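>>> I would like to see how this sequence folds:
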Amino acid sequence: MTEAKNQAVIGDEQNQLENAVQFLSFILGDEQYGVDILRVQEIRSWEPVSRIPNVPSYEKGVVNLRGAIVPIIDLREKFNLGHSKYTPLTVVVILQTEINGKSRIMGVVVDAVSNVIDIDKTTIQNSPEFGTKVSTEYINGLAAVDEQMLMLLDVDKLLKLEGVDDEDEI
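Numbers count the residues shown, from 1 in each chain. A predicted model of the protein is given here:
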């Protein structure tokens with residue numbers, strides 16, 4: 001290779017690294033979803049939760065995670081994809097976010113975790129106005145990965161609690 005070609009290859013690799021973002025991909029039903037890997041605190045197997053009365057059915061309850069009380073929500077139910085029986089493959093992805101200046105940790109129940117995927121952020125497409133099983137309010141964008149569509153979720157909107165984060169602090 002000539003020096004100019006070497007420089008061009010190195011430049012392309014640097015652009016790819018600068019534009020790369022990592023997502024943890026997981027499965028809900030027949031669809032694949034992803035969340036920003038920087039928002040993932042840990043991945044745990046399903047364990048029974050302490051139920052909280054008078055909460056929506058998709059809010060499964062809470063678990064004690066090293067002294068912190070962590071709410072657990074079932075994404076299948078939140079997205080109206082129906083309930084699935086919890087199996088040994090069922091996992092809880094512990095996500096973190098900051099809403100209204102407060103840090104929040106919450107677990108989301110998913111069918112299975114796939115892997116960590118590098119995506120060039122320039123290839124991420126905006127979410128469509130219609131045509132998905134999920135309300136697009138939670139979708140940041142779409143990316144094609146191995147000829148399959150990966151829906152990239154907005155963790156901040158996903159973890160926003162109805163009636164809690166809507167109100168202004170007094």
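>>> How about residue 74: what's its closest non-neighbour residue?
residue 109 (4.4 Å; Cβ to Cβ, 6 or more residues apart in numbering). Quick note: C-beta positions are derived from backbone N, CA and C, even for glycine.
>>> From what I see, that neighbour and residue 71 are in contact.
No - look at residue 109 against residue 71 with Cβ atoms under 8 Å: they stay out of range, at 11.3 Å.
>>> These two - which one has more neighbours?
Using other Cβ atoms under 10 Å as the criterion, residue 109 and residue 71 rank with residue 109 on top: 22 against 19.
>>> got a list of what that one touches?
By Cβ atoms under 8 Å, 6 or more residues apart in numbering, the residues touching residue 109 are 46, 60, 72, 73, 74, 75, 76, 86, 90, 91, 92.
>>> With residue 136 as the reference, measure out to the last one.
Pointing back at residue 92 there. 25 Å (Cβ to Cβ, to the nearest Å).
>>> Same check on the first one?
The span separating residue 46 from residue 136 equals 28 Å under the rule Cβ to Cβ.
>>> what's the answer for the fourth one, then?
Here the criterion is Cβ to Cβ. By it, residue 73 lies 19 Å from residue 136.
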